[in-house]
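J.: next input, structure requested:
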Amino acid sequence: HQGTHRDLPENDGAGIGVLSLVAQIREAVNLPIVAAGGIMRGGQIAAVLAAGASAAQLGTAFLTTPESGAHPLHKQALTDPLFPHTELTRAFSGRPARGLVNRFMREHGPYAPPAYPEVHHLVSPLRKAAAEAGDPQGMALWAGQGHRMARELPAGQLVELLAAELDAARTALSAHRPSGGDVL
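T.: Have a look, this model is predicted:
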């Protein structure tokens, strides 16, 4: 999803990458920063922490876990080659949100107005019917840009793996730091 306080259609897709955004926010404020958006691996967590984040939030990484409440078709679509990329759309809710590109998004996204929650209530029965019919082409398949890197593991194992990857990334980073008076 695209977090926004002012829903301005002219800003759709004009986002800043998470690393650049964290660094810019760190320069402007002295508050804790939680980085989110496209983070799927421990190395990415290390990167946002190095950029100045206090923590990282992962969403899509946990959608394929057995503990996730996502519909089974949604979980399958995250790694299905039929859904290779994501886009921001208003088609399912009237607010900009990132999802796997499917037929519903292609057909209705260009015409969806900035009208939350009206659009959400209008298309909710259609999304439900698509899910009941086993048709992921009519469902809201929310996903981040890193969805292809999703791993089908229990949540606890995924957290352990992410922690191990984070430790490995930090170790690799510290091994490459110059010592003493070396200049980068």
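
J.: where in this structure is pLDDT low?
T.: Applying pLDDT under 70 to the chain picks out residues 1-14, 178-184.

J.: where do the helices of it begin and end?
T.: Counting by DSSP state H, the chain has helices at residues 18-28, 42-50, 72-79, 103-108, 118-132, 155-175.

J.: list the buried residues for the third one?
T.: Along helix 72-79, the positions that meet the burial threshold by neighbour count (16 or more other Cβ atoms under 10 Å) are 73-78. Where C-beta positions appear, they are placed from N, C-alpha and C, glycine not excepted.

J.: and for stretch 143-162?
T.: Buried-residue list, stretch 143-162, by 16+ other Cβ under 10 Å: 143-150, 153, 158, 162.

J.: do stretch 133-142 as well
T.: 136-142.

J.: kindly report the same for stretch 52-64.
T.: Buried residues in stretch 52-64 (16+ other Cβ under 10 Å): 53, 56, 58-64.

J.: and for stretch 79-99?
T.: 83, 86-99.

J.: which of those residues sit farthest apart?
T.: Using Cβ to Cβ, these reach their maximum pairwise distance at F83 and G94, which is 22.3 Å.

J.: can you redo the helices of the chain as TSV with distance to V34?
T.: As requested, these are exported to TSV (distance: least, Cβ to Cβ, whole Å):
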stretch	distance to V34
helix 18-28	9
helix 42-50	9
helix 72-79	23
helix 103-108	28
helix 118-132	25
helix 155-175	15
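
J.: wait, which of those is closest to A36?
T.: helix 18-28 (7.2 Å).

J.: packing partners of that closest one?
T.: strand 34-36, helix 42-50 (3 or more Cβ pairs under 8 Å, 6 or more residues apart in numbering; DSSP states H and E).

J.: buried deepest among those, which one?
T.: Greatest average neighbour count among the helices and strands packed on helix 18-28 goes to helix 42-50 (a mean of 20), per mean count of other Cβ atoms under 10 Å.

J.: OK, contacts around the spatially most central residue of the chain?
T.: Taking Cα atoms, centre = their mean, the centroid of the chain lies closest to G144, which sits 2.8 Å from it. Residues near G144 by Cβ atoms under 8 Å, 6 or more residues apart in numbering: 37-40, 59-60, 86, 98.

J.: and stretch 53-62, how far from the chain's centre?
T.: 9 Å (Cα atoms, centre = their mean, to the nearest Å).
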